[in-house]
Structure formats: structure tokens, C-alpha cells
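K.L.:
A predicted structure for the sequence below; I have some questions about it.
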Amino acid sequence: MAYGENVLMEIDDGIAVITINRPKALNALNIDTLNELKSAALAADAAKNVKVIIITGAGSKSFVAGADIAQMRDLKVLEGRQMTMLGQTVFGIIDNLDKPVIAAVNGFALGGGCELAMACDIRIAAETAKFGQPEVNLGIIPGFAGTQRLARLIGKGRAKYYIFTGYMMTATEALELGLADKIVKAEELLDVCRDIAKTIISKAPVAVMMAKKSVNHGLDMDLASGVAYEAEAYTTCFTTGDRVEGMSAFLEKRKANFIGE
Ligand code: CAA
């Protein structure tokens with residue numbers, strides 16, 4: 001499925017901004033939106049003129065207020081299973097894109113919205129943002145990998161506390177827990193995210209990609225296997241011209257000119 005209705009994408013200066021665009025439903029994720037998000041994310045990852053991806057929500061109130069409850073209410077059991085599989089697949093794709101992904105959390109990040117933010121590499125929150133996994137209010141549990149990613153991000157006990165209670169966290173609480181990485185003024189959110197993206201773009205692209213893969217895959221392994229994976233990712237960096245350029249530039253006291261190879 002193409003994107004352009006429920007999910008918009010603008011590319012400028014090496015940065016793709018993907019916007020979930022259902023503001024009347026606080027950007028809730030229905031099946032079409034999940035499919036559009038998958039298409040947009042894969043297109044951004046494949047595009048030569050994109051180096052970093054930012055995901056945000058339309059309007060000033062909500063990042064994503066979760067899966068679409070109106071659509072979910074009428075799903076039969078196996079359709080519910082298909083929806084969780086779709087959400088998990090799309091968020092797994094986002095988590096594993098080669099390019100870095102920044103969540104610009106501009107408001108409610110609840111349920112599937114919190115799960116989407118957690119599938120991104122970095123979460124920058126507006127001071128008005130709210131995070132939570134309120135699914136138990138609806139008779140379900142987080143189904144787009146929230147039970148897994150929240151526990152990995154903030155720890156098992158805290159993840160259970162927030163999932164069992166459905167408690168809605170402020171941006172400050174999310175920052176203290178390590179769920180948000182930085183809080184900024186709402187009106188500055190996208191500019192700050194673009195600045196972070198530009199900083200990342202100025203680094204050696206293969207090194208950034210290998211760092212992402214090493215952290216992501218390593219966390220799913222025991223320490224010795226993760227360390228061994230890191231050694232291989234490090235060795236891959238040694239095969240690049242950018243590695244020679246970066247080290248030469250340092251020694252020659254000049255700015256490195258990275259080409260991504
Ligand atoms: N699905 C569908 N529609 C939603 C929605 C959702 N998740 N969240 C909000 N909306 C809709 C509302 O129904 C409302 O529509 P109408 O104007 O047509 O009535 C509109 O968005 C505005 O919402 P509110 O009037 O409720 O706005 P508010 O400011 O009073 O409250 C809110 C905001 C606290 C975010 C509240 O909307 C809310 O609690 N939303 C649901 C949050 C939630 O439970 N998310 C988890 C969904 S389940 C899930 O995500 C499962 C999973 O892991 C895959």
C-alpha cells in the first residue's frame with residue numbers, strides 16, 4: 001500500500017519527516033495507517049537522499065493515541081491477531097531500519113503510540129507529551145511489542161507497574177525512567193529533532209548504522225555474544241574509506257568528509 005493519506009512524508013536536507021496524519025482521531029493507528037507507515041518507513045530507508053528519519057504526529061495534541069479502538073472493537077479473534085501481527089511487523093521494520101529513526105513525541109503517546117515511540121531509536125518529547133500503556137482499561141494488553149520493548153527500556157518491574165495500572169506518565173516522568181531521552185519546548189520539538197538529525201548526518205554513516213545494529217542485536221543476546229557481534233560490526237567499519245578519512249582528518253586537524261562508503 002502506498003502512503004500519503006493517513007501517513008505523510010516530507011524529505012528535506014537529508015531528513016525524512018514521517019507524520020501520522022489522523023488528527024481527528026488523535027492519530028490513532030488503524031490498519032490502513034499501519035500499512036501506510038510501513039510503506040513510508042521502507043521508502044525512507046531506501047531513498048538515497050534520506051539519512052535520518054523523524055516520526056511525529058499531526059497537530060499539537062497527539063503523537064499517536066494508540067491503536068484505533070473504534071476499528072478494534074468490531075474485530076473477531078483472528079482479526080485481532082492479524083492486527084497485533086501487523087503492528088508488531090511494522091514496528092519491527094522501523095526498529096531495524098538501516099537509518100536512524102527519531103520519535104518527535106508531540107503529545108499523547110499511548111498504547112500503540114508509546115510502542116511506536118519505543119520502536120524508534122531515540123525519543124525526544126515535547127514538555128506536553130504524555131506516555132502510557134493503558135490497554136488494560138480496554139480488556140487487552142499492549143500488542144505492538146509494548147510488553148517487550150517497555151521492559152527492555154525501563155526494566156521489568158517498572159514496565160509491569162505502568163502496564164498493570166495504565167498510568168499516564170508526564171514527559172518528566174518518562175525522562176526519569178529513560179523512556180524519553182530529552183524534553184524540549186513543544187514549539188521547538190521539530191527543530192530540535194532536525195538539529196539532532198543533522199548532527200547524526202555529519203558522522204560516518206556506516207559507523208552509525210553499525211552502532212545501531214550492534215546495540216539492537218546485542219541486547220537480544222547474552223553479553224559474550226553481543227560483544228562478539230560488536231567486534232564484527234567494528235571490523236565492518238574498518239573496511240570503509242570513511243574510517244580512513246575520519247582518522248586522517250583527526251590527525252590532520254581538519255573536518256572529515258564522509259561519503260558513506
Ligand atoms: N482510537 C480511536 N479513536 C481515538 C483514540 C483511539 N486510540 N484515541 C482518541 N480517539 C478519538 C476519540 O474517540 C475522539 O473522537 P470523537 O471526537 O469522534 O469523539 C477524538 O479522538 C478525541 O479524543 P478525546 O475526545 O477522548 O480527547 P481527550 O483530550 O478528552 O482525551 C485521550 C485524550 C486521553 C488520549 C483519550 O482520547 C484516550 O484515552 N484515548 C485512548 C487511549 C488508549 O486507550 N490507547 C490505547 C489503545 S489500545 C492499543 O494501542 C493496543 C495496542 O497496544 C496495539
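P.N.:
Sure, I can see it. Keep in mind that what you see is a predicted model, and the values were worked out from it rather than measured.

K.L.:
hey, let's count contacts and neighbours off CA atoms from now on
P.N.:
Will do.

K.L.:
where in this protein is pLDDT low?
P.N.:
Scanning the chain for pLDDT under 70 picks out nothing.

K.L.:
Domain-wise, how is it divided?
P.N.:
If you go by automatic domain parsing, the domain ranges for the chain are 7-201, 205-251.

K.L.:
Among those domains, show me which one is buried the most.
P.N.:
Among the domains of the chain, ranked by average contacts under mean count of other Cα atoms under 10 Å, first place goes to domain 7-201 (a mean of 20).

K.L.:
Find the nearest non-adjacent residue to Ala16, please.
P.N.:
Ile53 (4.8 Å; Cα to Cα, 6 or more residues apart in numbering).

K.L.:
Surely the one you found and Pro100 touch.
P.N.:
Yes - if you go by Cα atoms under 8 Å, Ile53 and Pro100 touch, sitting 6.2 Å apart.

K.L.:
one step back: need the domains of the chain in JSON lines with distance to the ligand, can you?
P.N.:
Listed next are the domains of the chain as JSON lines, based on distance: least, Cα to the nearest ligand atom, whole Å:
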{"stretch": "domain 7-201", "distance to the ligand": "3"}
{"stretch": "domain 205-251", "distance to the ligand": "21"}
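
K.L.:
what helix or strand does Leu8 sit in?
P.N.:
Using DSSP states H and E, Leu8 sits within strand 7-12.

K.L.:
which element follows that strand toward the C-terminus?
P.N.:
Downstream of strand 7-12, the first helix or strand assigned by DSSP H and E is strand 15-20.

K.L.:
Give me the distance from that following strand to the chain's centre.
P.N.:
11 Å (Cα atoms, centre = their mean, to the nearest Å).

K.L.:
I'd like to check what contacts it. Which residues are they?
P.N.:
Strand 15-20 is contacted by residues 6-11, 27, 33, 37, 40-41, 44, 50-58, 63-64, 194, 197 when judged by Cα atoms under 8 Å, 6 or more residues apart in numbering.

K.L.:
What about the residues you listed, which are in helices?
P.N.:
Within these, residues falling in helices by DSSP state H are 33, 37, 40-41, 44, 194, 197.

K.L.:
how about the helices in the stretch 51-200 of the chain?
P.N.:
69-73, 77-95, 112-119, 146-154, 156-165, 171-177, 189-201 (DSSP state H, counting those that start in this stretch).

K.L.:
Make TSV from these and add distance to Ile259 to it.
P.N.:
What follows is the helices of the stretch 51-200 of the chain, written out as TSV (distance: least, Cα to Cα, whole Å):
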stretch	distance to Ile259
helix 69-73	45
helix 77-95	24
helix 112-119	27
helix 146-154	33
helix 156-165	41
helix 171-177	34
helix 189-201	11
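
K.L.:
and Gly66, what does it touch?
P.N.:
By Cα under 8 Å, 6+ apart, the contact list for Gly66 reads 27-29, 109-114.

K.L.:
Repeat that for Asn96.
P.N.:
213, 216.

K.L.:
Next up, phi/psi of Ser60, please.
P.N.:
Torsion angles at Ser60 (phi, psi; degrees, to the nearest 10) stand at phi -100, psi 0.

K.L.:
quick one: it from Ala186, how far?
P.N.:
8 Å (Cα to Cα, to the nearest Å).

K.L.:
Name the residues contacting each of these two.
P.N.:
Taking Cα under 8 Å, 6+ apart as the contact rule, Ser60 and Ala186 both touch Asn106.

K.L.:
beta partners of the residue nearest to Met169 when sequence neighbours are not counted?
P.N.:
Nearest residue to Met169 in three dimensions, chain neighbours excluded: Phe131, at 5.0 Å (Cα to Cα, 6+ apart). Taking DSSP bridges as the rule, Phe131 bridges to Ala109, Met169.

K.L.:
So Phe131 is in contact with Gly112, correct?
P.N.:
No - using Cα under 8 Å, Phe131 is not in contact with Gly112, being 10.5 Å away.

K.L.:
before we move on, the earlier item: which neighbouring elements make contact with the strand holding Leu8?
P.N.:
Helices and strands touching strand 7-12, by 3 or more Cα pairs under 8 Å, 6 or more residues apart in numbering; DSSP states H and E, are strand 15-20, helix 31-46.
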